[in-house]
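Asks: Turn this into a model:
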Amino acid sequence: MTKLYISADLEGVCGVVSPHHCSAEPDRAAYEWAVSQLEMEVGAVVEAALDHGVSEILVNDSHCTMTNLYLEQVDPRVSLLTGKPKRCAMSAGLDQTFDAAIYVGYHAKAGAHKGVLSHTFHGKLFDVSVNGVSYGEGGINALYASLVFGVPLVLASGDRAFVEEIHQLLPGLETVETKEGITQTSAKCHPLEKVLEDYAAKTRKVLENRANWAEHVLVLPGPYELQMTFINPLAADAANTIPGLERKDGRTLVFNTDNFQTLYQMLQSSYSILAFTSYLE
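Replies: Down below sits the predicted model:
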């Protein structure tokens, strides 16, 4: 009995290169096309996993509004976690009952060279670090899965910059590269058929090597220092209204804790509050 958790983002999907692909407004046609690509990539993982004995799969819609995937487009044997707000956002629904996690359509962190649509959780954030090490969304979420629930990340996909980034954290991780970034909003996309074949092959491979999953459980002893650097001081001002955050400089806030669950939720809160501060636009 194997239970899989899939976190599905959009920016790292094959063919997705423009902000127009990532939101229903102002270009619904471009967005709906991008979502159809995401459905195929998630579907390739799901089909291969179910064909290889996985008993239960939860897909967490992790992009933007988190209402991108339609239930009727997901395999009827799969549960879909959709909508927001939801506690722990991109890692919502994850707990210790899952055997492994898979990340689909992820992207590199803010500032990454040739990172397609690269950012870190929110457009007002420039950098997020834990104990002095900078991480992107994939790294932070993988740490959360390992440190809080003991769940290993066993497969991840996205553009080349993301693949290189996640391999710094997990050198032996199986990955699917969907495209090679040229600039932040352009890429050489790999043939879709090959990408889907890679998903199926890599999913089968990790499932056939379950005995090695424990090697992917990350270890990072506490205490933990979360450091968040915003693009401008006004964004830091807004986030600094949350009790427990200390100001390091004009753009940087710091939070210290012995509990990674608390760290993760503080990170989520500090950037979520920016969504409600229209004067930052």
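Asks: Low-confidence stretches in this structure?
Replies: 278-281 (pLDDT under 70).
Asks: buried ones in the longest strand anywhere in it?
Replies: For the chain, the longest strand by residue count, based on DSSP state E, is strand 174-183. For strand 174-183, burial by neighbour count (16 or more other CB atoms under 10 Å) applies to Glu174, Thr175, Val176, Glu177, Thr178, Lys179, Gly181. Glycine gets a C-beta too; all of them are placed from N, C-alpha and C.
Asks: What ranges does the stretch 1-150 of the chain have for its helices?
Replies: 28-51, 137-149 (DSSP state H, counting those that start in this stretch).
Asks: Give the full set of residues in contact with the residue lying closest to Val206 once chain neighbours are set aside.
Replies: Distances taken as CB to CB, 6 or more residues apart in numbering put Val154 closest to Val206, at 4.6 Å, once the chain neighbours are dropped. Residues in contact with Val154 (CB atoms under 8 Å, 6 or more residues apart in numbering) are Ala100, Ala101, Ile102, Leu173, Glu174, Val206, Trp213, His216.
Asks: how about the residues you listed in TSV, adding distance to Thr120?
Replies: Below are those laid out as TSV (distance: CB to CB, whole Å):
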residue	distance to Thr120
Ala100	24
Ala101	19
Ile102	21
Leu173	19
Glu174	23
Val206	26
Trp213	27
His216	22
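Asks: and the longest strand of the chain with helix 28-51, angle?
Replies: Interaxial angle, strand 174-183 versus helix 28-51 (axes from the mean of the first three to the mean of the last three CA atoms, to 10 degrees): 160 degrees.
Asks: picking that back up, quick check, the residue nearest to Val206 in a helix?
Replies: No. The assignment for Val154 (DSSP: H, G, I helix; E, B strand; the rest coil) gives strand, which keeps it out of a helix.
Asks: So it versus Glu208, what's the distance?
Replies: 11 Å (CB to CB, to the nearest Å).
Asks: Then Asn131?
Replies: Taking CB to CB, one finds Asn131 at 35 Å from Glu208.
Asks: next one: Lys202
Replies: 11 Å.
Asks: More neighbours: those two, which one.
Replies: The neighbour comparison of Lys202 against Glu208 (other CB atoms under 10 Å) goes to Lys202, with 21 against 10.
Asks: On the three-state scheme, the more buried one is what?
Replies: helix.
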